[in-house]
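> Need coordinates for the below:
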Amino acid sequence: MARREQVMRMSVEQPLWRALCAYRVLTMLYAVGLFATAYGRFPRPGVAIGYYGVLFVWTLATLPKVANAASCTKRFLAADLTLALTGILLTLVADAPERVADGGPTLPSIWTAGSVLAFALRGGWRWAAFASTAVALVNLAERGTPARDTVHNVILVWVAAIAIGYVVEVARASERTLARALEIEAATRERERLARDIHDGVLQVLAMVQRRGAVVGGEAAELGRLAGEQEVALRTLVSGGLVPVSRVSRDAAEGAVVHVVEDGPDDGAAAGPVDLRSLLAPYAGARVALAEPGAPVLLPPAAAREVAAAVGAALDNVRRHAGRDARAWILLEDEPESVTVTVRDDGPGIPAGRLAEAEGEGRLGVAQSIRGRLRDLGGTAELISVPGQGTEVELTVPKGGDGGGGAGRRRPGRGGGITDGPRGKAERR
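Next up, the predicted model:
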């Protein structure tokens, strides 16, 4: 099966960068508009016109710089803040002293806050505190005295910038935590898939070697004992597993990046849905009866393979625990929203509590090879066993494998279809 690596990027701060780009453009136009309405009251309008020309070009040319944290470098932030502070100080040269004393707007006006916010988004609350403090000191120097309105505006910018910087830091920490959780979940699902494959192959062979070796005796018995030890060790390994090494990016400029390896579609995936009947047909034999609809039962290729593998695991359990002479019946039902496969045998049944005990010992036949497969498909696997009356495994998967369709709901009157088995007269429990 083909493998592919999916890269997931998560960044809750990206909308903030887009908002900052719009803010810088709008506040630049606002500052120019303020100057245009008060042009006649400027004793040296040429200074203001020169500054606004630089501000206009700088704002538009640096929009890519404030598009994301990666491009917003320290050198750019320093130059941007310098332009804002220079504009505040040039207000003393371009504007009339009485307008400055009366609290008139500075040349950059509220555009300055955009520079401070860039510090907050890039470096968090500490960078925001540095930039807002610098703006506060230059504003106070421009006014000459700590007027009430000036102090009010300075404190407002200072608190807002620090708050935004702190929120960005919290958001980045949350992104990394979520990304790590997604990595662990993906690794766990992959480990369960490998555990199912190992159980269906290697563990079954080791168990058979152990049993046959004990029967034959001699050197074969020693070989069987070693196979049993390896089976226990392998079960412990695949059931425990390791927490994967984190591949989450630590660079805040990239946001949270998760690399997840997933199963990709194989060569047959493009052929469309698969008829589940064709995958179950090989299981039919002298001691296994298959009852199926007359029309194709279509499922996505991956879902069909997993359901068929779960049926195979259930039949393996029949052979191992009910004996080679046990009979089994497979019933395939195609319903509007789901597909159900029932595997029933005439064995001795499963003693109460045995499944939980086996799962605690690391045996994965029911826990992973059957229930794990159906859980990954959004379906359910129900096991009903009565001592002396055999065992019934009901596998229900929603069509499309998306977890919808009411998978797992029991429907009354579904007892028909398998009536020749030893439990045909028993109602569904």
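> what about the stretch 301-429 of the chain, any weak spots by pLDDT?
351-369, 400-429 (pLDDT under 70).
> do the stretch 151-300 of the chain as well
151-152, 191-204, 231-271.
> Do I have it right that Glu392 meets Val341?
No - using Cβ atoms under 8 Å, Glu392 makes no contact with Val341, being 11.3 Å away. The C-beta positions use only the backbone N, C-alpha and C, and glycine is treated the same way.
> show me where the protein has strands.
3-10, 256-263, 274-275, 288-291, 298-299, 328-334, 338-345, 380-385, 391-398 (DSSP state E).
> Give me the distance between Tyr30 and Gly103.
17 Å (Cβ to Cβ, to the nearest Å).
> Same question for Glu229.
The value you get for Glu229 to Gly103, if Cβ to Cβ is used, is 86 Å.
> Gly103: neighbouring residues, count only.
Residues lying near Gly103 (other Cβ atoms under 10 Å) number 12.
> so it makes contact with Arg143?
Yes - the pair Gly103 / Arg143 is scored as a contact, 7.5 Å apart, by Cβ under 8 Å.
> show me where the stretch 251-400 of the chain has helices.
In the stretch 251-400 of the chain, the helices defined using DSSP state H, counting those that start in this stretch lie at 276-280, 301-321, 354-360, 371-376.
> who does the shortest one touch, helix- and strand-wise?
Spelled out, that is helix 276-280. helix 301-321, strand 328-334, strand 338-345 (3 or more Cβ pairs under 8 Å, 6 or more residues apart in numbering; DSSP states H and E).
> Just give the nearest non-adjacent residue to Val288, would you?
Ala328 (4.7 Å; Cβ to Cβ, 6 or more residues apart in numbering).
> I'd like to know how far the one you found sits from Pro282.
14 Å.
> Those two: which is more packed in?
Counted by other Cβ under 10 Å, Ala328 and Pro282 do not tie: Ala328 has more neighbours, with 27 against 11.
> any idea how far Thr342 is from the more buried one?
Taken as Cβ to Cβ, the span from Ala328 to Thr342 is 11 Å.
> Let me see the contact set for the closest residue in space to Glu333 that isn't next to it in sequence.
Counting by Cβ to Cβ, 6+ apart, Glu333 lies nearest to Thr340, which is 4.5 Å off, once chain neighbours are set aside. Going by Cβ atoms under 8 Å, 6 or more residues apart in numbering, Thr340 touches 331-333, 394-397, 414.
> what is Thr340 paired to in the beta sheet?
Beta-bridge partners recorded for Thr340 (DSSP bridges): Glu333, Thr396.
> So which residue is smack in the middle of the protein?
Leu182 (4.4 Å; Cα atoms, centre = their mean).
> Check the spacing between that one and Leu374 real quick.
22 Å.
> so what's the residue lying closest to Val54 once chain neighbours are set aside up against?
Once flanking residues are discounted, Val54 sits nearest to Leu83: 7.2 Å by Cβ to Cβ, 6+ apart. By Cβ under 8 Å, 6+ apart, the contact list for Leu83 reads 54-55, 58, 108, 115.
> Which of those fall in helices?
Those of the contacts of Leu83 mapping onto helices are 54-55, 58, 115, per DSSP state H.
> Separate out the buried members of those.
55, 115 (16 or more other Cβ atoms under 10 Å).
> Looking at the ones in helices among the contacts of Leu83, which is nearest Gly165?
Minimum distance to Gly165 across those is 13.4 Å, recorded for Ser115 (Cβ to Cβ).
> The closest one and Ala128 touch, don't they?
No - using Cβ under 8 Å as the test, Ser115 is too far from Ala128 to be in contact (10.8 Å).
> re earlier: tell me which residues form a beta bridge with the residue nearest to Val288?
Val288, Asp345.
> right, and it touches Asn317 too?
No - Ala328 is beyond contact range of Asn317, at 9.9 Å (criterion: Cβ under 8 Å).
> Output the below-cut-off pLDDT ranges for the stretch 1-150 of the chain.
In the stretch 1-150 of the chain (pLDDT under 70), the answer is 1-12, 145-150.
> let's see it at 50
1-5, 7-8 (pLDDT under 50).
> Give me the contact list for stretch 85-101.
38, 41-45, 47-48, 51, 55, 104, 106-108, 111-112, 134-135, 138-139, 141-144.
> Is there a quick ChimeraX command that grabs whichever of those residues are buried?
Only the buried entries of these go into this ChimeraX selection, using 16+ other Cβ under 10 Å:
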select :38,42,45,47,48,51,55,104,106,107,108,111,112,134,135,138,139,142,143
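> Could you report the neighbour count for Phe130?
Neighbour tally, Phe130, other Cβ under 10 Å: 15.
> Please verify my assumption that it contacts Arg122.
No - taking contacts as Cβ under 8 Å, Phe130 lies outside contact range of Arg122: 11.5 Å.
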